[in-house]
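Q: Quick one, structure for this:
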Amino acid sequence: MIEAHSRAWWRATLALCLGSFLVFINLYAPQPLLPELRATFGISTLVAGLVMSVATLSLAAALLVFGPLSDAIGRRGIMRLTLLLAGMLSLGLALAPNFETLLVLRAFQGFVLGGLPAVAIAWMGEEFERPALLSAVGLYIAGNTLGGIGGRVIGGAVAEVAGISGSFLVVGTMTLIGVVLFWRLLPAPRAFTPHRFSIGAALSDLGGHLRNPLLLSAYLLGGLNFLIFINQYNYITFRLAEAPYGLGSRFLGMIFLTYFGGTLGSMLSGRLAGSLSQPACMMAGILILMVGTAVTLSASLPLIIAGLTINAFGFFLAHSMASSWVGKHAARARGSASALYLMFYYTGASLGGFWLEPFWQAGAWMGVTLGSWLVLFITFGIAAWLWRRERSIPG
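A: Model (predicted):
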């Protein structure tokens, strides 16, 4: 087992953080290009948005494929191959002759981008000692946030100079260079035990995870928290685009820099888990998210930005702890257990608009805040139940 802060730990953690960064720059790089895609191809806003939604949906579907598959054939090979294909597909996107081709390539890209997220935490759960796992997961999720920020910033900045194709070319080239480093850094697994793959066994594993209350609680907590967190950003852009703020798209895009609060929360999560239990850290993260949401009620733009930053810190603290909780409490088939967590996570993101839209229509941002708190009270209760359950387990 790899010990915390050993040379092997640093190499493996750096590799997985790099892989996470590469996944999310590819996933989010097209987001600032949506207006230009709409103008270039003469399509509606809804159709342009499919560039993001088809990738996210295919990524979510891929999680249930790569997770069980990795339990049979190993995890390192899946991470290597899917990152390579993601970079090649970004280069292909730069050459897409029409929007339909671009959309098909994005669907394929979203699918292969699911390879690393589906299995990375399971890999850590097998190879790292428990203290090493907690610290590594926090840094890994920090890589998620940096990739999300970097994808939007790089995609938009390059497109302004070199157009849509130039943006995809730069991201694809960065990815292929990063893949070379990833291949060299990630050590060979030592603790992996393969299991013969069968659809029946895979479905049985998934069903077993869903029947485990310790895992199901973490799935619900992660999905419901993300349902609120990511969709708050959608509605805050509507609020800030209107009077008295009147922010344009350039400044609205910079709102995602508040994700750096999440980078900090993820990086500190391992240290906090050294003095508090994982469920207690989840509770703390949710409380911080609730406080940050309250701060955004201010009419002051700097305080709104501060509230979003606080939200990011709290959300990613809770997310780091919930995802590592799954790796710790999955007795077997850790790949499919981690995949289910992310399936709930991304499904929550997809459903958040349906929950918050009535609150927005009824009470604007105050309504969104109330809708958010209702869900966060539920997730706090889930974390409190896990805390009580952990304390009741002997040893």
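Q: Next one: residue 312 relative to residue 261, how far apart?
A: Residue 312 sits 4 Å away from residue 261, going by Cβ to Cβ, to the nearest Å. (Glycine included, C-beta is placed from N, CA and C.)
Q: Look at these two and report which has more neighbours.
A: Set side by side, residue 312 and residue 261 show more neighbours around residue 312, with 27 against 23, by other Cβ atoms under 10 Å.
Q: quick check: domain ranges of the protein?
A: The chain breaks down into these domains under automatic domain parsing: 1-185, 198-395.
Q: Show the average pLDDT along the first one.
A: For domain 1-185, the mean pLDDT works out to 88.
Q: centroid residue for this structure?
A: Centroid-nearest residue in the chain: residue 144, 5.9 Å away (criterion: Cα atoms, centre = their mean).
Q: so who does that one touch?
A: Applying Cβ atoms under 8 Å, 6 or more residues apart in numbering, we find residue 144 in contact with 20, 21, 23, 24, 266.
Q: what about the first one, helix or strand, and which?
A: Right, the one you point to is residue 20. helix 7-28 (DSSP states H and E).
Q: ok, and what's touching the helix or strand following that helix?
A: Per DSSP H and E, the first helix or strand lying C-terminal to helix 7-28 is helix 34-41. Contacting residues not belonging to helix 34-41 are listed as 30, 43-45, 47-49, 51-52, 98-99, 159, 163-164, 249 [Cβ under 8 Å, 6+ apart].
Q: Residue 167: what's it in contact with?
A: Contact partners of residue 167, counting by Cβ under 8 Å, 6+ apart, are 29, 30, 33, 94, 154, 155, 156, 158, 159.
Q: Save those as TSV, and put in neighbour count too.
A: Output for these, formatted as TSV (neighbours: other Cβ atoms under 10 Å):
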residue	neighbour count
29	28
30	28
33	23
94	20
154	18
155	24
156	20
158	21
159	21
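Q: Need those in TSV (columns: distance to residue 59).
A: Shown next, in TSV, are the contacts of residue 167 (distance: Cβ to Cβ, whole Å):
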residue	distance to residue 59
29	14
30	13
33	18
94	20
154	19
155	17
156	21
158	23
159	22
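Q: Go through these and name the one nearest residue 57.
A: Set against residue 57, the nearest of the contacts of residue 167 by Cβ to Cβ is residue 30 (14.5 Å).
Q: ok so, going back, list the buried residues for the helix holding residue 20?
A: Neighbour-count burial for helix 7-28, counted by 16 or more other Cβ atoms under 10 Å, picks out 9, 12-28.
Q: Tell me the secondary structure at residue 97.
A: With DSSP: H, G, I helix; E, B strand; the rest coil as the basis, residue 97 sits in coil.
Q: what are the phi and psi angles of it?
A: Main-chain dihedrals, residue 97, degrees, to the nearest 10: phi -80, psi -20.
Q: ranges for the helices of the stretch 251-395 of the chain?
A: For the stretch 251-395 of the chain, the helices defined by DSSP state H, counting those that start in this stretch occupy 260-273, 278-295, 301-329, 334-392.
Q: Those: lowest mean pLDDT?
A: For the helices of the stretch 251-395 of the chain, the weakest mean pLDDT is recorded on helix 260-273, namely a mean of 76.
Q: Okay, the residue lying closest to residue 363 once chain neighbours are set aside and residue 226: tell me how far apart.
A: Of all residues not flanking residue 363 in the chain, residue 370 sits nearest, at 6.8 Å (Cβ to Cβ, 6 or more residues apart in numbering). Distance of residue 370 to residue 226, computed by Cβ to Cβ: 19 Å.
Q: Of the two, give the one with the bigger neighbour count.
A: residue 226 (23 against 14).
Q: check which helix or strand covers the more buried one.
A: Element membership of residue 226, judged by DSSP H and E, is helix 213-241.
Q: Could you check that helix and say which residues are buried?
A: For helix 213-241, the neighbour count (16+ other Cβ under 10 Å) marks 214-215, 217-233, 235-236, 240 as buried.
Q: And stretch 97-107, by the same measure?
A: 99, 102, 103, 105, 106, 107.
Q: which ones are touching the fifth one?
A: Neighbouring residues of residue 106 by Cβ under 8 Å, 6+ apart: 30, 51, 54, 55, 93.
Q: And the furthest pair within those?
A: Greatest spatial distance in the contacts of residue 106: 54 and 93, 12.4 Å, computed using Cβ to Cβ.
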